[in-house]
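Enquirer: A structural model of the following input is requested.
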Amino acid sequence: MKKYFSFFILILLCIIVKNSNGEEPTKKFKLITLLAAHVQDLGFNNMVNRGHVEVSKAMQLEDSQTIVVVGYNDTIRVLAPLVAVGDVDFVICSSQDHAQACRELATKYKDSPIKTQFLVRGSGAATSNLITCSYNYASANYISGYFAGLYTKTNKIGFLSPGAIDNNNDSFVYAFWYGAKRANPNISFYYYNIGNYLNPDKTVAATQDLLAMGCDMVADTLNDFSTGNTLIANNRKTAMGTSGFPQRDVYGEDVIYSYNYNWTKLFYPIAQSVYSGNRNNTTWYGDFNFNEDTSFFGLSFSFTVPNDTLTKFYNELNYLKSTPRLSHPYFCNDMMYEYATKNHLTMSTDQPTRCLSSNAFTRINAPFPGMTWLGNYEIRLTEVTQSRSIQVAISSVSSFFILTVLAMMALVVKFRENPSIRSASPIFLNFILFGAIIIYVGIIIWSSSINSASCNAQFWLVTLGFTTLIGSLVVKNVRIWLIFDNPELKLVKITNLQLVPWVGGCLLINIILMSILTSVGDLREVNAQGIDSLGKYEFMRVCKMNSSGASTLYAILAYFAALLLVGVFVSWKIRIVDILEFNESKAIANTLYAISFCLFVIVPLMISPQDKQSEKVILCIAGLFIVSAAVLIIFVPKFYRVYLYGSGGTSDMFYKKKKQSPVATARAESTSKGSSGAGSGAGSGVKTNKRGNLVSGDFSDDTESSLSEPNKPVKVAAGAVLAEFTDDTISDLDNQDINNDQPIEIITENGQDNNNNTEENKDQNIIQDNNNSEEIKENQENIINENNDN
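Expert: This next block holds a predicted model:
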């Protein structure tokens with residue numbers, strides 16, 4: 001027991017001795033480092049973060065963090081609450097973006113109990129809680145340019161810089177150029193301004209432009225390695241790491257040269273000074289140094305760099321190390337005095353004819369003679385166009401149908417005397433076909449490339465074409481309706497000259513609406529971005545109108561809907577016409593069905609989110625289908641009858657057996673019952689038409705045509721209507737029938753033949769027959785005269 005007790009006392013004494021000879025426990029110390037971007041940039045921020053980590057490890061800090069903040073407002077928002085409660089001991093403001101906010105906070109708490117100290121990049125006097133630091137970026141860029149001038153094979157060197165921001169202007173571009181010029185007087189130098197330190201998209205695009213110009217060496221002072229990545233992607237072995245990150249550690253021999261910032265060599269001694277409580281702060285500066293332990297920059301080269309190139313490089317670097325900074329070649333040279341005079345910069349007081357002052361150096365912005373500034377780089381947007389094959393397909397199909405419609409127009413003119421064509425009004429048939437041609441032309445323009453003129457043309461042509469097609473179809477069938485829907489059985493005469501103004505009226509409404517859309521709708525071509533899954537720097541030409549134009553377009557669509565409704569109504573009304581040559585209700589109905597089908601498909605597609613290209617294709621295909629279906633439905637049956645019966649034609653082409661409608665059957669039964677009361681007309685062969693009116697003759701169907709077989713008596717119902725048409729209709733009695741000497745047999749309203757009346761009414765019937773015959777002859781003569789006039 002005594003043995004164990006002695007051993008315990010020995011261990012306790014060892015612990016006491018160790019504590020008495022060791023350091024005091026580490027006191028609490030909180031470090032915050034502000035970054036301008038994430039550490040993945042493989043550039044400036046990554047190296048600052050590396051310095052932060054190394055300092056935290058060396059000082060064994062348990063409470064340290066990095067925060068990404070951008071700009072003054074963000075810096076104040078994040079940092080001010082922490083400083084106000086004394087929750088941070090040391091703040092490293094690594095970027096120029098943070099400088100103003102950190103300086104203001106340092107000034108605010110300078111003489112307060114808050115002991116937070118700030119490290120700010122830039123020049124200016126240090127205070128009790130403000131430390132300033134900087135590094136000689138000019139020397140790093142000068143020596144990098146010197147290497148580029150030695151290594152270039154094309155003697156063309158490119159450079160990318162942020163531009164006139166952060167009070168740096170393009171002084172470091174000048175330093176790089178002067179180093180390259182000093183190494184190789186024969187170089188050509190080109191540079192772009194990107195606009196900020198971190199814009200990979202612009203950097204890549206600008207680098208590609210410089211490569212296309214023949215530059216084999218391209219460097220930058222940006223925060224990432226986008227320039228080097230672009231060179232590597234283009235199989236160039238001349239990528240340079242000039243962003244302060246040791247790029248060769250990552251990319252190996254793909255990078256020919258790189259320098260890196262060693263922020264640990266600045267941050268660590270400054271953090272130790274703050275940790276110790278020192279408030280006699282000063283300004284720190286990083287540069288190349290003969291003592292590698294204090295040298296801020298590190299260098300690395302590819303093994304492919306020739307030895308003589310390395311020798312020349314290190315000779316120049318040693319010259320910089322041994323020369324006072326303000327006497328470096330980029331400060332003092334023979335061009336400086338003339339440049340400073342021209343750009344109102346201050347020369348150094350030590351060497352007023354050759355050296356620029358330190359403050360004036362940072363304001364260098366205009367290019368020196370020999371530097372080619374290519375301007376502020378803007379990415380040229382790539383236009384995304386409609387697939388060429390789709391354009392060709394739509395245009396080819398439209399052109400084919402245009403030729404087909406032109407052939408149809410020629411056939412209408414050629415066979416205008418044929419009953420199948422004449423009965424349908426040739427002039428309106430050609431109006432319909434002409435409207436179709438206008439639409440096809442509009443579809444070709446719609447599918448082609450877009451400009452402001454085509455945007456207006458496509459709307460004008462398509463709307464005028466549809467108005468001409470649908471308006472002519474509706475107006476010409478209104479005449480059929482007015483003639484045959486005639487309960488009072490009056491003589492109706494409607495000429496083409498009376499109808500054409502109605503088509504013109506439809507077109508006038510269309511023209512007025514389109515004129516409003518064109519004048520106030522601001523319909524024009526725009527370059528649209530962010531649509532159709534376009535890339536960030538892609539655009540598409542689209543037609544765009546303002547809200548007034550959209551409202552007018554809705555009015556035009558409502559106008560078309562009204563025309564279609566009128567067409568539906570007319571189609572329904574002329575279904576009662578028994579004369580097939582005048583009854584186009586089925587053709588109109590089928591045409592409207594085709595249009596309605598397209599609308600039911602198109603409207604949901606247009607309402608749902610659609611790509612502009614898909615929308616254009618859908619509209620063009622739908623337009624082709626609607627117009628082609630309408631033309632084929634209306635004209636194929638007519639030309640087919642012409643084909644079957646020849647160019648002269650005959651009225652028999654319209655007489656085909658067909659099933660009587662339920663309405664006509666009911667009316668016929670009603671009339672039959674009414675006539676059967678007389679007892680003698682049941683088997684007389686009397687028929688009724690679809691309206692229930694009595695018609696005479698033994699026709700194969702129940703039409704109202706008065707054309708009969710040659711040398712066969714014509715039976716005319718008392719009070720029958722004679723529809724009178726112009727040159728594009730078939731008259732009720734042709735000249736052959738009028739000159740026929742066959743007797744006309746008159747049918748009374750009750751269906752009885754006047755020739756079969758009882759003897760006591762014979763005289764009265766003869767008088768009535770004569771009167772009816774005189775009336776019929778008068779109507780016949782009027783029809784003949786009208787046809788001769790036409």
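Enquirer: quick one, phi/psi of Val631?
Expert: Per-residue torsions, Val631: phi -60, psi -50 (degrees, to the nearest 10).
Enquirer: tell me the contacts of it?
Expert: By CB atoms under 8 Å, 6 or more residues apart in numbering, Val631 lies in contact with Phe401, Val405, Met408, Ile432, Leu433, Ala436. The C-beta positions use only the backbone N, C-alpha and C, and glycine is treated the same way.
Enquirer: Pull up the gap between the last one and Leu499, please.
Expert: With the distance defined as CB to CB, to the nearest Å, Ala436 ends up 19 Å from Leu499.
Enquirer: Which residue of these two possesses the greater neighbour count?
Expert: Ala436 (27 against 19; other CB atoms under 10 Å).
Enquirer: For my notes, confirm that one occurs in a helix.
Expert: Yes: membership of Ala436 in a helix is supported by DSSP: H, G, I helix; E, B strand; the rest coil.
Enquirer: where in the protein is pLDDT low?
Expert: Low-confidence segments of the chain, defined by pLDDT under 70: 1-27, 165-168, 485-492, 576-585, 599, 601-610, 647-790.
Enquirer: can you rerun that using 50?
Expert: By pLDDT under 50, the low-scoring segments of the chain are 5, 15-25, 657-658, 663-664, 667-668, 671-672, 674-790.
Enquirer: What count of nearby residues applies to Leu517?
Expert: 24.
Enquirer: Identify the residue spatially nearest to it, adjacent ones excluded.
Expert: The shortest distance from Leu517 to any non-neighbouring residue, by CB to CB, 6 or more residues apart in numbering, is to Thr552 (4.1 Å).
Enquirer: The one you found: how many residues sit nearby?
Expert: Residues contacting Thr552 under the criterion other CB under 10 Å number 22.
Enquirer: how close does it sit to Lys616?
Expert: 21 Å.
Enquirer: Leu299 too?
Expert: 58 Å.
Enquirer: State the distance from Asn343 to Tyr337.
Expert: 11 Å.
Enquirer: could you pull out the strands for the stretch 251-400 of the chain?
Expert: Using DSSP state E, counting those that start in this stretch, the strands of the stretch 251-400 of the chain run over 255-261, 283-286, 297-301, 371-376, 382-383.
Enquirer: Kindly reformat those strands as TSV and extend each row with mean neighbour count and distance to Pro185.
Expert: Output for the strands of the stretch 251-400 of the chain, formatted as TSV (neighbours: other CB atoms under 10 Å; distance: least, CB to CB, whole Å):
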stretch	mean neighbour count	distance to Pro185
strand 255-261	24	21
strand 283-286	17	31
strand 297-301	17	23
strand 371-376	14	14
strand 382-383	11	39
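Enquirer: of all the ones you listed, which lies closest to Ser628?
Expert: Ranking the strands of the stretch 251-400 of the chain by proximity to Ser628 (CB to CB) places strand 382-383 first, at 31.7 Å.
Enquirer: From the contact counts, what lies against that closest one?
Expert: Other helices and strands packing on strand 382-383, by 3 or more CB pairs under 8 Å, 6 or more residues apart in numbering; DSSP states H and E, are strand 538-544.
Enquirer: Direction included, what does the strand it packs on pair against?
Expert: Note on strand 538-544: by DSSP bridges, its sheet partners are strand 382-383 (parallel), strand 524-528 (antiparallel).
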